[in-house]
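Visitor: Sequence and predicted structure below; questions after.
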Protein chains: 6
Amino acid sequence: MIYVTRKTHFNAAHRLHNPDKPDEWNEKVFGKCNHPNWHGHNYVLEVTVAGEPDPDTGYVVDLGSLKKVIEDRVINKCDHRNLNLDVDFLAGIIPTSENLVRAFFLELKNEVEKISSAGSKLHSVRLYETERNVAEYRP
Amino acid sequence: MIYVTRKTHFNAAHRLHNPDKPDEWNEKVFGKCNHPNWHGHNYVLEVTVAGEPDPDTGYVVDLGSLKKVIEDRVINKCDHRNLNLDVDFLAGIIPTSENLVRAFFLELKNEVEKISSAGSKLHSVRLYETERNVAEYRP
Amino acid sequence: MIYVTRKTHFNAAHRLHNPDKPDEWNEKVFGKCNHPNWHGHNYVLEVTVAGEPDPDTGYVVDLGSLKKVIEDRVINKCDHRNLNLDVDFLAGIIPTSENLVRAFFLELKNEVEKISSAGSKLHSVRLYETERNVAEYRP
Amino acid sequence: MIYVTRKTHFNAAHRLHNPDKPDEWNEKVFGKCNHPNWHGHNYVLEVTVAGEPDPDTGYVVDLGSLKKVIEDRVINKCDHRNLNLDVDFLAGIIPTSENLVRAFFLELKNEVEKISSAGSKLHSVRLYETERNVAEYRP
Amino acid sequence: MIYVTRKTHFNAAHRLHNPDKPDEWNEKVFGKCNHPNWHGHNYVLEVTVAGEPDPDTGYVVDLGSLKKVIEDRVINKCDHRNLNLDVDFLAGIIPTSENLVRAFFLELKNEVEKISSAGSKLHSVRLYETERNVAEYRP
Amino acid sequence: MIYVTRKTHFNAAHRLHNPDKPDEWNEKVFGKCNHPNWHGHNYVLEVTVAGEPDPDTGYVVDLGSLKKVIEDRVINKCDHRNLNLDVDFLAGIIPTSENLVRAFFLELKNEVEKISSAGSKLHSVRLYETERNVAEYRP
């Protein structure tokens, strides 16, 4: 089995806030990440496909095509945007890294597998919120 | 001459917008950086002091003390904040990297030189907005 | 399943030496890593928790709390210390990266799982002795 | 189980081209990677061994010995070479990252396991063609 | 004075060879870099402009525009190409990093200064052939 | 003028301690860096030569030869050693980064200039004690 990964990035604003809870709860649980005027990150996104290389091309997936799918489905909707306010498929989700990687995985799965070699699967989505804080969804 | 550098980081939201100009001008000039709902970055900040080491300590500046000054004057005011709305010494400044490094330099100069060896000067302030975009103020 | 990782670092001295073996054996097996006056590293430590996000917070684990546990149990005992002489839970262990990651995992497991979402587990501990040499414990 | 990784690197030229297909197919499928005068990369190679540490040494594998095996079997044959023309064990293989990691794994497996602790196995070979494009073979 | 830097990258093949010298001289002087079947690198290019920010925009130079000029003048001509054979403005030049940075500087100077704030100058061009080998032209 | 840089690294133990001062002074001034059982770092060393490329080779300095000089004069004496106890040219020097870069510069200057193109000079020596703490000597 071969795992192929494409690394991309986007810059976005966000805020951690659960609207179903009182403000004091949010301040206590999320601390400075709850700041009402937003803060932001240079997110780094790694998308991994697992499969066997196509015998004609030697590719599990063409990384140029994979880049285009990631741009269409994730980057163009999130880059230079506010993750709480601007992204259709994140509506109603608290934008923790944990929730983001699951949402990105679901958004990417079908399109990524269409462009990959026969039998290949979307394996994982990993997101670096900072160099020190990382989340990965791998079902 | 010896140059000593301390690297720190903060995460903030911002937006490039000149309030003295019409919206169309701002959209044309700043493009996606003008997005009204903000975006953000993991900023990396490098502060450099130039001088001769103190003969007793071998230090141009104690990097622990330098870290504390940078935290007091810059990081604690900018981290997990909105650079357009929340930072006193940035009021009225379009938060481009160019304008930020000049503002940070002025904010740091006196306090940094107080804790440095005799004759040392604040040499430069460098800011990485992303890994690919950098500005440095060096008078 | 979601995997959340926090990256931290510490600087320490060590020496590879098996006291049950003669000096010639140690010199032959460990080479320059056996140097009697010690050497040292900037260790980078990655701790990964696996689980499901808490529905209220969206967190598998609050990375600020995870950072505090790692500091209490590992960093504060190892940073700017000698791994052969100064760390209680490393007594009697040859401080290879392999032995360090197992010891750190055992030291962290209970405390990390107490602060994580229901059902989450400490998944792995990875240690970069240098950028080129890495060990990971993943039971 | 402990996973020990050694990171190395080499610089090589290559070209993606399937000689069994017409030129137009190659240009369409491989795009600029099919350029006839070659292009090249700074490849980064990570080799991971999985096992239990030897009780006398605390090593799953001596990373100095592992480095020598990787140099003998891969680096010395690929570094400052043309991957399509110069490497015996790559003859007849389209040098995509997917095909390279499988070929490197097969080339390394026996020699790596000979120098590792009892029961240890070569676990994976990972190759960064660029910082953004990665392939891993993990059987 | 403010220094603004944009980092870009390209992947290319090359060979160090002085056609005015005999083969033995070339082999002795350039060693493995003289290999006749080429080798290659992931080049990282940093272009720095020095000046004062425009008062309306806060920019020394719009980094999006700077990126476009670097792409037009350098990246599109060098990326996935052979630096000895394919690049018009490198004809007759031995493609050492030293010679490349001077050639890139001359190629970029006029176009970069046209898009920069009044009085700004192209300050330097830095090229990483590998992470360990760097050359910079700064007149 | 062209600046050519070679990046190398070594791992060493050290301790900040001024033997002419009482223990309390040392503890107060150097804090955890004064720990008596040593600590250590993965030092990264960057050596820069400034000059004009030789017309026959296109080199300011052959980076392979520069690497050898750095190994002979610095790395082989410092790597896997104790900087307070084991290095002849550091005797009597408190091993702060400031003092190390000056000592390395003096140790390297003559040998580096012998292997560089006519008129070239050793320009600077930069040392990363950690990724966050850097010192540079540039006379």
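Guide: Structure's in. What do you need? Numbers count the residues shown, from 1 in each chain, chains lettered A, B, ... in the order given.
Visitor: Helix or strand: which one has the closest residue in space to A:His123 that isn't next to it in sequence?
Guide: Closest residue in space to A:His123, ignoring its immediate chain neighbours: A:Ala50 at 3.9 Å, by Cβ to Cβ, 6 or more residues apart in numbering or on different chains. C-beta here means a position set from N, CA and C on the backbone, and glycine is covered the same way. Using DSSP states H and E, A:Ala50 sits in strand A:39-51.
Visitor: partners of that strand in the sheet?
Guide: Counting by DSSP bridges, the strands paired with strand A:39-51 are strand A:2-14 (antiparallel), strand A:121-128 (antiparallel).
Visitor: Could you dump the ones you listed into a markdown table with mean neighbour count added?
Guide: A markdown table is the format used below for the strands paired with strand A:39-51 (neighbours: other Cβ atoms under 10 Å in any protein chain shown):
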| stretch | mean neighbour count |
| --- | --- |
| strand A:2-14 | 23 |
| strand A:121-128 | 20 |
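Visitor: which one of the ones you listed lies closest to F:His80?
Guide: The closest of the strands paired with strand A:39-51 to F:His80 is strand A:121-128. By Cβ to Cβ, the value is 32.3 Å.
Visitor: Just the residues contacting that closest one, thanks.
Guide: With contact meaning Cβ atoms under 8 Å, 6 or more residues apart in numbering or on different chains, strand A:121-128 is reached by A:3, A:43-51, A:97, A:100-101, A:104-105, A:108-109, A:112-113, A:134-138.
Visitor: and if we set it to 6 Å?
Guide: A:3, A:44-50, A:97, A:100-101, A:104-105, A:109, A:112, A:134-138 (Cβ atoms under 6 Å, 6 or more residues apart in numbering or on different chains).
Visitor: what is the mean pLDDT for it?
Guide: Averaged across strand A:121-128, pLDDT comes to 98.
Visitor: next one: stretch A:51-60
Guide: Stretch A:51-60 shows a mean pLDDT of 98.
Visitor: Walking through chain A, point out its helices one by one.
Guide: Using DSSP state H, the helices assigned to chain A run over residues A:23-30, A:63-70, A:76-78, A:97-114.
Visitor: can you tell me which residues contact the residue of chain A found nearest chain B?
Guide: Scanning chain A for the residue nearest chain B gives A:Gly40, at 0.8 Å (criterion: Cβ to the nearest Cβ). Counting by Cβ under 6 Å, 6+ apart, A:Gly40 touches A:Ala12, A:Ala13, B:Ala13, B:His39, B:Gly40, B:His41.
Visitor: closest to B:Pro22 among those?
Guide: For the contacts of A:Gly40, the nearest to B:Pro22 is B:His39 (21.3 Å; Cβ to Cβ).
Visitor: correct me, but the closest one touches A:His80?
Guide: Yes - B:His39 lies in contact with A:His80 (Cβ atoms under 6 Å); the separation is 4.3 Å.
Visitor: The two: which has the busier surroundings?
Guide: Per other Cβ atoms under 10 Å in any protein chain shown, whichever of B:His39 and A:His80 has more neighbours is B:His39, with 28 against 22.
Visitor: if we look at the sheet, which residues does that one bridge to?
Guide: B:His14.
Visitor: And for the one 4 residues further on?
Guide: Using DSSP bridges, the bridge partners assigned to B:Tyr43 are B:Phe10.
Visitor: Give me the pLDDT value at it.
Guide: 98.
Visitor: Can you point out the buried residues in stretch A:85-94?
Guide: A:Asp86, A:Val87, A:Leu90, A:Ile94 (16 or more other Cβ atoms under 10 Å in any protein chain shown).
Visitor: how far does it sit from the chain's center?
Guide: Offset of stretch A:85-94 from its chain centre (Cα atoms, centre = their mean, to the nearest Å): 13 Å.
Visitor: pLDDT below threshold where in chain A?
Guide: Residues of chain A meeting the criterion pLDDT under 70: none.
Visitor: closest point of it to chain D, which residue?
Guide: Here the residue of chain A nearest chain D is A:Gly58; by Cβ to the nearest Cβ that distance is 3.7 Å.
Visitor: List the contacts of that residue.
Guide: A:Gly58 sits next to D:Ile94, D:Thr96, D:Glu98, D:Asn99 when contact means Cβ under 6 Å, 6+ apart.
Visitor: Need phi/psi at it.
Guide: phi 70, psi 10 (degrees, to the nearest 10).
Visitor: Name all residues that make contact with the closest residue in space to A:Ser120 that isn't next to it in sequence.
Guide: If the residues on either side of it in the chain are set aside, A:Ser120 comes closest to A:Gly51, at 2.7 Å by Cβ to Cβ, 6+ apart. Neighbour list for A:Gly51: A:Val60, A:Ser116, A:Ser117, A:Gly119, A:Ser120 [criterion: Cβ under 6 Å, 6+ apart].
Visitor: Just send the buried residues of stretch A:85-94 back as CSV, with distance to chain C too.
Guide: Compiled in CSV, the buried residues of stretch A:85-94 are given as follows (distance: Cβ to the nearest Cβ, whole Å):
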residue, distance to chain C
A:Asp86, 18
A:Val87, 15
A:Leu90, 11
A:Ile94, 4
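Visitor: From the contacts of strand A:121-128, list just the buried residues.
Guide: A:3, A:44-50, A:97, A:100-101, A:104-105, A:112, A:134-137.
Visitor: Show the contacting residues for A:Thr48.
Guide: A:Tyr3, A:Thr5, A:His123, A:Ser124.
Visitor: what is it paired to in the beta sheet?
Guide: A:Thr5, A:Ser124.
Visitor: Roughly how far does it sit from A:Ser124?
Guide: 5 Å (Cβ to Cβ, to the nearest Å).
Visitor: same deal with A:Asn82?
Guide: Separation of A:Asn82 from A:Ser124 (Cβ to Cβ): 26 Å.
Visitor: again with A:Asp20
Guide: A:Asp20 is 30 Å from A:Ser124, by Cβ to Cβ.
Visitor: Leaving out the residues flanking it, which one is nearest to the residue of chain A closest to chain B?
Guide: B:Gly40 (0.8 Å).
Visitor: And for A:Phe104?
Guide: Closest to A:Phe104 by Cβ to Cβ, 6+ apart is A:Val125, at 4.9 Å.
Visitor: related to what we said a few turns ago, which two among the buried residues of stretch A:85-94 are spaced furthest apart?
Guide: It's A:Asp86 and A:Ile94 that sit farthest apart of the buried residues of stretch A:85-94, by Cβ to Cβ, at 15.3 Å.
Visitor: In chain A, which residue sits nearest chain F?
Guide: Closest point on chain A to chain F, by Cβ to the nearest Cβ, is A:Glu131, at 9.8 Å.
Visitor: Most distant residue from the centre of chain A?
Guide: Largest separation from the mean C-alpha position in chain A: A:Asp56, at 30.7 Å (Cα atoms, centre = their mean).
Visitor: Number of residues surrounding the closest residue to it other than its chain neighbours?
Guide: In space, and not counting its chain neighbours, A:Asp56 is closest to D:Asn18: 6.1 Å by Cβ to Cβ, 6+ apart. D:Asn18 is flanked by 16 other residues according to other Cβ under 10 Å.
Visitor: From D:Leu106, how far out is D:Asn18?
Guide: Distance of D:Asn18 to D:Leu106, given as Cβ to Cβ: 21 Å.
Visitor: same thing with A:Arg81?
Guide: On the measure of Cβ to Cβ, A:Arg81 and D:Leu106 end up 45 Å apart.
Visitor: So which of those two has more stuff around it?
Guide: Using other Cβ under 10 Å as the criterion, A:Arg81 and D:Leu106 rank with A:Arg81 on top: 22 against 15.
Visitor: Tell me who's in contact with the residue lying closest to the more buried one once chain neighbours are set aside.
Guide: Excluding its sequence neighbours, the residue lying closest to A:Arg81 (Cβ to Cβ, 6+ apart) is A:Ala12, at 5.5 Å. Contact analysis of A:Ala12 by Cβ under 6 Å, 6+ apart lists A:Gly40, A:Cys78, A:Arg81, A:Leu83, B:His39.
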